[in-house]
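Enquirer: Pasting a predicted model and its sequence here:
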Amino acid sequence: MRDLVKSFKALSDPIRIRILKVLEKKRMCVCELTSVLKIGQSNVSHHLKVLKEAGLVNDKKNGLWVNYELSAGEYNKYAPEILKMVSKVLNDNLEILEDIKMSTKVDREEICKK
């Protein structure tokens, strides 16, 4: 039951739901998510930590980058069903649609040069 409660707590913040919706489309690093969501890097990192602790996202090191992706349920058996439910909602939400549109335009190489 502990994993289920953690999952629902993680979903209680709109930023974390936005992160999950963007990660449905592609893996992203913190700098890309920061650019898409237009919030600070420490804020994005905090939300990713909560999602990771709940077992809803995984991180994978890839060279210089740490990519975040949706979990397949390795650490939380409820994650696949919860993420399936999240994928069915808010697909017509303007903020989510804008986030997804922005996610297709971000280029980590350009962002991280700054």
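Expert: Received it, and whenever you're ready, just let me know what you need.
Enquirer: L33 touches L51, doesn't it?
Expert: No. Between L33 and L51 there is no contact under Cβ atoms under 8 Å: 10.9 Å. Glycine gets a C-beta too; all of them are placed from N, C-alpha and C.
Enquirer: Identify the contacts common to those two.
Expert: Residues touching both L33 and L51 (Cβ atoms under 8 Å, 6 or more residues apart in numbering) are I19.
Enquirer: Make sure K77 is indeed in a strand.
Expert: No. Using DSSP: H, G, I helix; E, B strand; the rest coil, the assignment for K77 is coil, not a strand.
Enquirer: Leaving out chain neighbours, which residue sits closest to it?
Expert: D3 (6.8 Å; Cβ to Cβ, 6 or more residues apart in numbering).
Enquirer: Enumerate every residue touching the one you found.
Expert: Shown in contact with D3 (Cβ under 8 Å, 6+ apart): A54, G55, Y75, N76, K77, Y78.
Enquirer: switch to 7 Å and redo it
Expert: By Cβ atoms under 7 Å, 6 or more residues apart in numbering, the contact set of D3 is G55, N76, K77, Y78.
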